[in-house]
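Enquirer: I'll drop the sequence and a predicted model, then ask my questions.
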Amino acid sequence: MSAVSASRSRNRTRESCSLAAMGIVNALGRGPEEIWPRLLATDQTHFRRRDDLVPDRDLLVAEVSGPLPEIPPRLKRYACRNNALVLAALQQIEKPIADSIEAVGRSRVAVVIGSSTSGVSDAEAAIRQQHATGALSETFYYDQLEFGGASSFVADLLRVDGPAYAISTACSSGSRALATARSLLALDVCDAVIAGASDSLCGLTANGFSSLQVVSDEITNPLSVNRKGLTLGEGAAIFLVTRDSGGIRLCGVGESTEAHHMSAPDPAGHGAEHAMRDALKDAALEPAEIAYLNLHGTGTLLNDAMECAAIDRVFPSPPPCSSTKGLVGHILGGAGAIEAAFCWLMLAERVSGGLDLIPHAFDGQPDPALPRLRLVPSEGLRVPVGPVMTNSFGFGGNNCTLILGAAE
Amino acid sequence: MVTATVRRWSAWSPGLEDADAWSNWCVAPTELASGGRPEARFLPAMLRRRCSPLARIMLTAAFDCCEQAELAEVATVFASRHGNINESIDLLDRLAERQPLSPTAFSHTVHNAQAGLFSIAAANRRASSSIAAQRDSFACGFLEAMTLLERDPDRPVLLVVGDVPLAPTFARLVEEPPGSYALGLLLARNSEGTRLNFGLQPQHDPTQPAPWPDAIEFLRWYLSDQSSLVLGSARRSWKWERVQ
């Protein structure tokens, strides 16, 4: 039975959409071929220390290594690291994107890109030069810094004329970009969406999160009794989202805010709980039908406590869970799209025996004060194919939960 | 084309602080003034103190656009081209001098700070998005509001669009009409109010931009008896028309 007929038999009010192709880059590598085996192997060898981000601190980060693709000269106004990450992900799915543009026409392709940093790392260099010489560097354009620059970059690169915009709701930006993509298709304002997110390491977020005292000196250790905060990462994931039948589907979206605090989650996890329940309702699924949950799991004291409490209330018997923050760091505005991409990979790489789940990367010492979750062990776990959920909870109390599934 | 109803509007710019002032402005529109500081008495003093100038203006439009009982119930979209970039630039200046950042200052410069402040001040736990789209920020904010209505058709969406001028170093890099402003629109799928069709124009015909921001050009049209409005940027044009 296809996902579409399954949805009709359940009287869903909304069709799911297809995540037809996906490109990805982060500290683990570039593209599914490099990243998938390293996810399964719990590869934590890609973290490094940088002394140029926070004064007097050797900050451990999950950085993308090696040169990134060059932004074409005609688009030099968008030439910044954040957009180079977008391009590195986009190039992996050039062919399906080109085919889609050919099929639906340039005016029917939309672009939605999430980020919390945009090109601020390049603006930092420009401003340092201004402090030294009195003038911003000549290679700096405002389009690199403003949030809307990334979506204009992609639209100009692909020469598509549909709606193009950026979403910036902190750590839920990437999930929200996919939620918007599905709605744009449902509203019939376009026939294909290039949707995803990108975030790049920069002084602003490194110093900001350090000042909030939530950055760990060791690799983040989510849900551990020894956890001491998050580790920052960078990367991008870009999807081609269409109305095609079959393939890997975005089946559920849940969203909430918290009315609690500008930089800390509600300790009771009510917002997280609401987002998960809302996503289940949207996908017309029972909690027991979820095969796997990708945690927000940042490794901060507060996030992990409230997220575990919320999961404990939503799921009478929680599915196997893991946080991938210990493998690629916290990619902030990119995290929602990148973790949706991990779920996508899990579904794309499914084997006849089921789904191979990504292990939970931590020191193996769960915090006894937290409700006990079923964490995917380091040797991995294979479960029957089913829908998977991913959580993203952002600054300012902005939460978004997505559910992905494979058409049978 | 997507159809939505405008239930209510609100707008704020220095010297233009209520519906009568805007009606008069529409008769003889002039460039908007910059700066200004609405009182924002609805905010608890502690939150008010931490608001950026833009947050104060956008929250004023937000609270003016809702009845008390609606404040906690609406979904929200905050659209701004620049957001709190002036405050971010202040932080980048500090970093260039290797000065530490204040955690409060950092958390109030994020693009969704307005959304977070509104959620706290209005005790609102509903869906919320924050977007930016260069010269298309108003139209894309309107579109993002349509996506929230698509996901939850019975819940009105409060769209708040606003900007303040960029700090001088960056302002010379950007061409745009002057002025500090915010526009609030309470949008719904089906309800009492003015019904509008909205969508991309199939034919892009670059138009001369108005000497005031798109959101305010929209308001001028909304308060007029013209049947349709086209707003364009370099790549695309958007059209609104009244449903008779």
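Expert: Done, it's in.
Enquirer: For the stretch 251-400 of chain A, which residue gets nearest to chain B?
Expert: A:Gly396 (2.7 Å; CB to the nearest CB). For glycine as for every other residue, the C-beta is placed from the backbone atoms N, C-alpha and C.
Enquirer: what residues are up against the residue nearest to that residue when sequence neighbours are not counted?
Expert: Of all residues not flanking A:Gly396 in the chain, B:Gly116 sits nearest, at 2.7 Å (CB to CB, 6 or more residues apart in numbering or on different chains). Residues in contact with B:Gly116 (CB atoms under 8 Å, 6 or more residues apart in numbering or on different chains) are A:257, A:262, A:395-398, B:110.
Enquirer: now swap in A:Glu63 and tell me
Expert: With CB under 8 Å, 6+ apart, A:Glu63 has these contacts: A:27, A:46, A:48, A:50, A:201, A:233-234.
Enquirer: Of those, which count as buried by neighbour count?
Expert: For the contacts of A:Glu63, a neighbour count by 16 or more other CB atoms under 10 Å in any protein chain shown gives the buried set as A:27, A:46, A:201, A:233-234.
Enquirer: Throw these into TSV and include pLDDT, thanks.
Expert: Below are the buried ones among the contacts of A:Glu63 laid out as TSV (pLDDT from 0 to 100):
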residue	pLDDT
A:Ala27	98
A:His46	95
A:Leu201	98
A:Gly233	98
A:Glu234	98
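Enquirer: From the contacts of A:Glu63, which land in strands?
Expert: A:48, A:50, A:233 (DSSP state E).
Enquirer: So the closest residue in space to B:Arg151 that isn't next to it in sequence, which state does it fall into?
Expert: Leaving aside its sequence neighbours, B:Arg151 sits nearest to A:Ser183 (CB to CB, 6+ apart; 5.9 Å). Classification of A:Ser183 using DSSP: H, G, I helix; E, B strand; the rest coil returns helix.
Enquirer: isn't A:Ser183 right next to B:Thr147, touching?
Expert: Yes: in terms of CB atoms under 8 Å, A:Ser183 counts as a neighbour of B:Thr147; the distance is 3.5 Å.
Enquirer: In chain B, which residue sits closest to chain A?
Expert: Relative to chain A, the nearest point of chain B is B:Gly116 (2.7 Å; CB to the nearest CB).
Enquirer: how close does that residue sit to A:Ile167?
Expert: Separation of B:Gly116 from A:Ile167 (CB to CB, to the nearest Å): 15 Å.
Enquirer: swap in B:Leu231?
Expert: Counting by CB to CB, the gap from B:Leu231 to A:Ile167 is 21 Å.
Enquirer: These two: which has the busier surroundings?
Expert: Comparing B:Leu231 with A:Ile167 by other CB atoms under 10 Å in any protein chain shown, the one with more neighbours is A:Ile167, at 34 against 23.
Enquirer: wait, doesn't the more buried one sit right on B:Ile131?
Expert: Yes: using CB under 8 Å, A:Ile167 is in contact with B:Ile131, at 5.4 Å.
Enquirer: tell me, what's touching these two both at once?
Expert: Joint contacts of A:Ile167 and B:Ile131 (CB under 8 Å, 6+ apart) are B:Glu144.
Enquirer: returning to that earlier point: can you pull the contacts of the residue of the stretch 251-400 of chain A closest to chain B?
Expert: A:169-170, A:257, A:262-263, B:107, B:110, B:112-113, B:115-117, B:119.
Enquirer: Find me whatever residue is spatially closest to residue 233, sequence neighbours aside.
Expert: No chain in the question, so chain A it is. In space, and not counting its chain neighbours, A:Gly233 is closest to A:Gly329: 2.3 Å by CB to CB, 6+ apart.
Enquirer: Switch to chain B, please.
Expert: Nearest residue to B:Ser233 in three dimensions, chain neighbours excluded: B:Arg135, at 3.9 Å (CB to CB, 6+ apart).
Enquirer: Ramachandran coordinates for that neighbour?
Expert: As for B:Arg135, its main-chain torsions (degrees, to the nearest 10) stand at phi -70, psi -10.
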